[in-house]
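Novice: dropping the sequence and predicted coords here.
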Amino acid sequence: MLYATTKRSEGSSQGRIRRHRGSVPHYKMVNRDRVEGHERLYCDYFAIPCVYESFFRRRFRMSRLLFLRIVNEVEQYDPYFIQRIDAIGVLGFSSLQKITAAYRILTYETPTDSVDEYIRIGESTAIESLRRFVKAVIAMFGDYYLRSPNNIDIARLLQTGEQRGFPGMLESIDCMY
């Protein structure tokens, strides 16, 4: 249904003559087929069953449940990530596309224009998504996850390290990463 709605809205502007495409004069707009990018991403990683079920944790470096929790929290914090219809009636990028692009740029240190090939998102949108994603994560999770460890955290980390054969790992410069 999402695909059919977008195809109708894309086709409705075909009869108009436009001097330029995109938001900047003299820049060529690239039709990235946003819907196809979303459908590919969704079918590959988020549908049940998905194509790469066993690869999700390795590629996203977290469980799918945790990733979807982050997506939900970020959507609630910043409405930028909610999928909308743009000014000319075309369905915008989904939250999965924007957040996956930002996440891959952060996780794999990839250039912002490299997410265009798979996720179908342009460089400027990827940069804006990255900027807003980082702000949202810090605002939503910073107080708990980005704080200095307290005594309970240190005791738990030392116990875990000792069980795994690394006693006193917090004191070693080799284990600080």
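Specialist: That came in fine, so what should we check first?

Novice: quick check: which element contains P49?
Specialist: Assigned by DSSP states H and E, P49 belongs to neither a helix nor a strand.

Novice: quick check on it: phi, psi?
Specialist: phi -80, psi 150 (degrees, to the nearest 10).

Novice: how much space between Y77 and A139?
Specialist: Y77 sits 6 Å away from A139, going by Cβ to Cβ, to the nearest Å. Where you see a C-beta, it was placed from the backbone N, CA and C, and this is true even at glycine.

Novice: neighbour count: these two, which is higher?
Specialist: Each of Y77 and A139 has its neighbours counted (other Cβ atoms under 10 Å); Y77 has more, 16 against 13.

Novice: what's the neighbour count on the nearest residue to I138 once chain neighbours are set aside?
Specialist: With Cβ to Cβ, 6 or more residues apart in numbering as the criterion, I138 has its nearest non-adjacent residue at 6.7 Å, and that residue is L146. For L146, the count of nearby residues is 9 (other Cβ under 10 Å).

Novice: residues in contact with F93?
Specialist: R34, G37, H38, Q83, I121, T125 (Cβ atoms under 8 Å, 6 or more residues apart in numbering).

Novice: would you check how far apart the first one and D86 are?
Specialist: By that I understand R34. With Cβ to Cβ as the criterion, R34 and D86 are 10 Å apart.
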